[in-house]
Each structure stands twice: as structure tokens, then as C-alpha cells.
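Peer 1: make a model of this:
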Amino acid sequence: MAQNQLQSRRPMQLAELGVRGSMRLFQTFAAVYPKALRWIYRWSPPSPAEMRELFETLGVTYIKFGQFIASSPSIFPKEYVDEFQKCLDQTPAIPFRKVKAIIESDLGKPLDRIYSYIDERPLASASIAQVHAATLTTGEDVVVKVQKPGVRMTLTTDLNAVYLLTRLFEMIVPNLDRGAVADIVEEMYQAMLDECDFVKEADNLTQFGRYLSSTGNTSVLVPRPYLQASNERVLTMERFYGVALTDMDALEASGHDAAQSLFNAMNTWFASLTQCDFFHADLHSGNLMLLENGCVGFIDFGMVGRIKPSVWEATFALFMAVNQQDYAQMAKSMLAIGVTRKEVNVDELARDIEKLFRRLDAMEPEYLLGSGGSEPDGVTNLMTELGDIAKSYGIRFPRSFTMLLKQFLYFDRYMDLLAPGVNIFGDERFDLYQE
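Peer 2: The predicted structure is shown next:
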């Protein structure tokens, strides 16, 4: 959404805030004001680490905004992208009495008529929701995802503050693509509202399950949603038992072929780009499980993406060109993916890309291989550098591309862990279309 559209929306939202919304604005101001004074006093902008810590303090909207920054190397400077990789979506759980009240109010039944058992201790707690283990009265083991109170109001209120925050970013962050940031704010807001609608997430689970069935895919599973015990703020779904696909000790103890399981997951995900209406846009290690039966479980379908066939074709061509170091094709693919307001000389772009690769070839291997831990790995380094070149030519990539890029980076890290040294595009286990 353009900045003038955001501006036209803000007065309407401010008028609707009410007492709770005004309190949220006050809380935001109280958190930002003392830090802003320190930054002004020392005559220097906040460091990326200081901004990340502030975002985590401010809660749900800002944590999500930080995660958008982390997955947008084509828009934000490298030091911010790297720092916001550490932005943690871990918030304190709400008391179980509030969880019980939400479930009973929204589903219209006493808790014991829905679940024969529910663990009062959450399995996990994030900014939007927390998850509890339970058993339905019909005997099935499930997990119950319950939205925290006031999340939607907080998102709506925070949009106004985030708009102001983008103006701050424009002032303190050099070489920022300003028009793209306004678009990011709108896309982030809509994506977060979608994450708050558990009816949509249940539908995503159902649709992806149908995609797996229609393609005869038995190596990947998604949880079954129990619609009779779900609504917009409560989602009850099948419980999966397994281990994270990055837990090396547990994977070894399982006796299953972890590398093959990873290829099954990647094949399924890549095929979904062309054979399903959407793709899972957040398959980090917490959302990818090796199940007890050897299948791979995809969980948490709150964040999904949709991509135009033309963008996917150009994206795949870009990654193949990177693999082959075909600089002319890289340049053409980048232009096919992105949007630019000025004419770009393809030959000059290709030469700049070639200079980048020659420079990387001359660097220490550790830079390309990554240093492990929370530091950016080789593919992250490469894609960030390509993003910098794109920005210098005025090329702006669509959000769907950055979502794909984020997932490619996840898969690259999984490959380093489970199949080190393997070239994904040259391995016979990689089946892009699963035909």
C-alpha cells in the first residue's frame, strides 16, 4: 500500500482505538521515549542490536515486523537483516484460567465437554497464541492453539506506531528503499491479521492435506484440524509425536534416514509452489518434524504465501544460474522477478554480478561456508550481496520472492546439517515436481 493510503487509514483507526488502544499507544511511547532520548543525547542512531531489543520489548507487532526485516535482504541493510535473525517470538504464557475462559466462550461449551484432558502448562507460548496438549472426549490426542486476549486490538493500534517507526527507519537507515518499507508495513499487517484467523489456518491445513492426497504423497503429513472444536480464536488439531529435523541426537536415535526425510520435505515444498494454491512460508526447524513413523510433519500453517507462476519460474532460473555461475542469466532472472522504475542495462548488471562472484572466490572459505551458530551462512551472504546489487539498480523484489528466499535459506542450513557437501540440484533424491 502506498504511503498516502496508509496516511488515509490512520485517522480512522485512531478514532476507533478507545481506552485500551490509547493505553497501548501510551505503553509504546513509554518504552520508546527513554531510549530515543539516549540516542539523541549521544548524537547517533540506534544500533541494529538496540533496535532488535526494543522490538522484542514492544511485543507482538514489532516482533513480527522484526521477522519481516530478517527475511527481506533485498530491502533492508545487511547489518539489520543479520541482527533481526535473532528476533525471538517467545512471550510469557497467559494464565490457564484465561485460556479456559476463551475456549468456553468461543466454543460455547464447558471445557470438559470438549476435552477429557487438557494440560494447564503450555507446550509453547508466542506473541499471538499459546499451545496446550489435550485429549478430545472422543479419545484423540490433540494440541489446542489459543489466541491471546487483545491481540487484534494491539495489531490495529500498533499499525499507527509502526507507520511512525517506518519514518524513523527512513531517517536513520542509509540507502533504505522507502517505498518498499510502506509496502512491507501493509503486507505485514495483513499477514498478521491472517495469522490471527484460525479458521483460515484450519482451511490451510485441510487444503494442504488434499494436495498431499491428490499427489499420492505419503512421506509428508499435516495435522488434521478438528473443526467442531475450532473457531477464529481456538484451533484444535491432531497432535504429532516426533523430533525436530535439526535435533541430531534424536534423529540418530530414531533410526530413520534424516537426509532422505529432508529431501522428502523439500520435494513436497517445491512441488507445492506449482501444484497447490499456496506454500508454507515458515518452515523453520520448529515447524518441521520427523515423526515416529518416519514421515515428515509440516506444522503451523498460520503463515502461507502465494506466488505467480512467472515469478516462480524466474526464481528457479535465478537459483539454477547461481548454481552454474551464469551471470547473464542471473541478471535476466533478477529483472524478471523484480520491478524497477528505470531502464536497466542487463550487460552492466551481469558484469557487476560477475565481479561479486570473483570477489567471493578470492575471500576466505569461512565467509562462504558460514561460521555456524546465529551468524549468517554462505547462502545468506550471497543473497544479501545480490540484493545489494539489485538495490543499486533500483530493482525491488516482490514480497513473495523474499518469502521464498527465506525458505531457501532454511533448506540450505538443513542441508549443511543433514547432507553436508551435497549439491541439492545435482542429487538424484531431489525431485522438483514429484511427477
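
Peer 1: so Pro239 makes contact with Val144?
Peer 2: For the record, residue 239 is Arg, not Pro. No - with contact defined as C-beta atoms under 8 Å, Arg239 does not reach Val144; the gap is 9.6 Å. Glycine gets a C-beta too; all of them are placed from N, C-alpha and C.

Peer 1: ok, the two, which is more surrounded?
Peer 2: The neighbour count for Arg239 versus Val144, taken as other C-beta atoms under 10 Å, is higher for Val144 (27 against 17).

Peer 1: distance of that one from Arg224?
Peer 2: Between Val144 and Arg224 the computed distance is 14 Å (C-beta to C-beta, to the nearest Å).

Peer 1: that older thread, hey, what's in contact with both of Arg239 and Val144?
Peer 2: Ala133 (C-beta atoms under 8 Å, 6 or more residues apart in numbering).

Peer 1: quick check, central residue of this protein?
Peer 2: Asp282 (4.4 Å; C-alpha atoms, centre = their mean).

Peer 1: just give the nearest non-adjacent residue to it, would you?
Peer 2: Spatial nearest neighbour of Asp282, chain neighbours left out: Met303 (4.3 Å); criterion: C-beta to C-beta, 6 or more residues apart in numbering.

Peer 1: quick revisit: these two touch, right, the residue nearest to the centre of the chain and Gly305?
Peer 2: No - counting by C-beta under 8 Å, Asp282 sits too far from Gly305 to count as a contact (9.0 Å).

Peer 1: the residue nearest to Asp282 reaches His284, doesn't it?
Peer 2: No - counting by C-beta under 8 Å, Met303 does not reach His284; the two are 10.3 Å apart.

Peer 1: so for the two, which residue has more residues nearby?
Peer 2: Taking other C-beta under 10 Å, Met303 and His284 do not tie; Met303 has more neighbours (19 against 14).

Peer 1: thinking again about what came up before, wasn't the residue nearest to the centre of the chain part of a helix?
Peer 2: No - read with DSSP: H, G, I helix; E, B strand; the rest coil, Asp282 is coil and lies in no helix.

Peer 1: residue contacts, it?
Peer 2: When contacts are counted by C-beta under 8 Å, 6+ apart, Asp282 touches Asp300, Gly302, Met303, Lys406.

Peer 1: closest to Val322 out of the residues you listed?
Peer 2: Lys406 (16.3 Å; C-beta to C-beta).

Peer 1: any idea which helix or strand carries the closest one?
Peer 2: Lys406 is part of helix 399-418 when elements are defined by DSSP states H and E.

Peer 1: other SSEs contacting that helix?
Peer 2: Other elements packing on helix 399-418 under the criterion 3 or more C-beta pairs under 8 Å, 6 or more residues apart in numbering; DSSP states H and E are helix 178-195, helix 258-275, strand 279-280, strand 304-305, helix 309-324, helix 378-392.

Peer 1: now distance to Leu251, mean neighbour count and mean pLDDT too, for these, in CSV please.
Peer 2: Listed next are the helices and strands packed on helix 399-418 as CSV, based on distance: least, C-beta to C-beta, whole Å; neighbours: other C-beta atoms under 10 Å; pLDDT from 0 to 100:
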stretch, distance to Leu251, mean neighbour count, mean pLDDT
helix 178-195, 29, 18, 71
helix 258-275, 4, 21, 94
strand 279-280, 21, 24, 95
strand 304-305, 27, 20, 91
helix 309-324, 27, 16, 86
helix 378-392, 22, 20, 73
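
Peer 1: make TSV out of those and add distance to Thr218.
Peer 2: Formatted as TSV, the helices and strands packed on helix 399-418 follow (distance: least, C-beta to C-beta, whole Å):
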stretch	distance to Thr218
helix 178-195	29
helix 258-275	10
strand 279-280	18
strand 304-305	22
helix 309-324	25
helix 378-392	30
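
Peer 1: ranges for the strands of this protein?
Peer 2: 115-118, 124-125, 129-136, 141-147, 220-221, 234-238, 242-244, 279-280, 288-291, 296-298, 304-305, 339-340, 395-396 (DSSP state E).

Peer 1: just want the angle from the longest one to strand 141-147.
Peer 2: Right, the one you point to is strand 129-136. Interaxial angle, strand 129-136 versus strand 141-147 (axes from the mean of the first three to the mean of the last three C-alpha atoms, to 10 degrees): 150 degrees.
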